[in-house]
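Student: pasting the structure only:
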């Protein structure tokens, strides 16, 4: 299944050795091209936006870099606001330029690791065995199984529990909304109510796997 990420998760990958960017909803891991073209000055505009969203570089209709008419050559060329980037041709003839072998990085599907969530939300996960609570920011598109994977960072035995809300078990193959846990932040904002007081609780009930011989 396609993975979704919050903007803060994308922003955490902000160094050359671990560099993600997002644009038009896509999340790309550009670490391989940063390593392959290490030292190339054309990587600098990408490094400046490491972990950020670069949708303003692209035409949403074509999903290609924006273009403009070069004032000197009167030819159409890519318009990159922070300077020429990797895989874009120079404005004039160059002896050191060769056509890109394969797709340019922004069209290379092998670099896409997922998509940016349309909306993130918070849940409170309560372990009924230990009474431990954990606030977790998740994507609205996440299934409960994906939320479980996120929660493994805090409890590596999370799949040994039955997940419930409102006293009923949750369908782990469905999202929060599909399980009837709707996002009501818009209504809360309209009523000027504190969102933190209405974060949904997910209760973890330990499964006793011990059986008698």
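Tutor: Thanks, I have it. The structure presented is a predicted model; accordingly, all values stated were derived computationally and were not measured.
Student: how about residues contacting the least confident helix or strand in the chain by mean pLDDT?
Tutor: When each helix and strand of the chain is scored by mean pLDDT, DSSP states H and E, helix 185-190 comes last, with a mean of 77. For helix 185-190, the surrounding residues in contact (C-beta atoms under 8 Å, 6 or more residues apart in numbering) are 121, 194-195, 198. The way it works is simple: take the backbone N, C-alpha and C, and place the C-beta from them, glycine included.
Student: can you do 6 Å?
Tutor: Outside of helix 185-190, the residues within contact range by C-beta atoms under 6 Å, 6 or more residues apart in numbering are 195, 198.
Student: distance from the chain centre to it, please.
Tutor: Distance of helix 185-190 from the chain centroid (C-alpha atoms, centre = their mean, to the nearest Å) equals 24 Å.
Student: paired strands for the helix or strand just after it, with orientation please.
Tutor: Next along the chain after helix 185-190, taking DSSP states H and E as the criterion, comes strand 201-206. Paired strands of strand 201-206, with direction, are strand 120-127 (parallel), strand 161-165 (antiparallel) (DSSP bridges).
Student: how about the nearest residue to residue 133, chain neighbours excluded?
Tutor: Closest residue to residue 133 apart from its sequence neighbours, by C-beta to C-beta, 6 or more residues apart in numbering: residue 126 at 5.1 Å.
Student: surely that neighbour meets residue 135?
Tutor: No: contact criterion C-beta atoms under 6 Å: residue 126 and residue 135 do not qualify, at 10.5 Å.
Student: these two: which is more packed in?
Tutor: residue 126 (16 against 10; other C-beta atoms under 10 Å).
Student: so what pairs up with that one in the strands?
Tutor: residue 133, residue 203.
Student: could you list the domains of this structure?
Tutor: If you go by automatic domain parsing, the domain ranges for the chain are 4-116, 120-206.
Student: just how off-centre is the biggest helix by length in the chain within its chain?
Tutor: Ordering each helix of the chain by length in residues (DSSP state H) puts helix 144-151 first. Here helix 144-151 shows a centroid-to-chain-centroid distance of 15 Å under the convention C-alpha atoms, centre = their mean.
Student: looking only at pLDDT, what's the mean for it?
Tutor: Mean per-residue pLDDT for helix 144-151: 96.
Student: can you list the residues that contact it?
Tutor: Helix 144-151 is touched from outside by 125, 138, 158, 170, 172, with contacts defined as C-beta under 6 Å, 6+ apart.
Student: what distance do you get for the fourth one to residue 148?
Tutor: The gap separating residue 170 from residue 148 is 10 Å, by C-beta to C-beta, to the nearest Å.
Student: out of those two, which sits in the more crowded spot?
Tutor: residue 170 (23 against 20).
Student: so that one touches residue 161, yeah?
Tutor: No: using C-beta under 6 Å, residue 170 is not in contact with residue 161; the gap is 10.9 Å.
Student: which neighbours do these two have in common?
Tutor: With C-beta under 6 Å, 6+ apart, residue 170 and residue 161 have no common neighbours.
Student: for stretch 185-202, buried residues please.
Tutor: Judged by neighbour count using 16 or more other C-beta atoms under 10 Å, the buried positions of stretch 185-202 are 200, 202.
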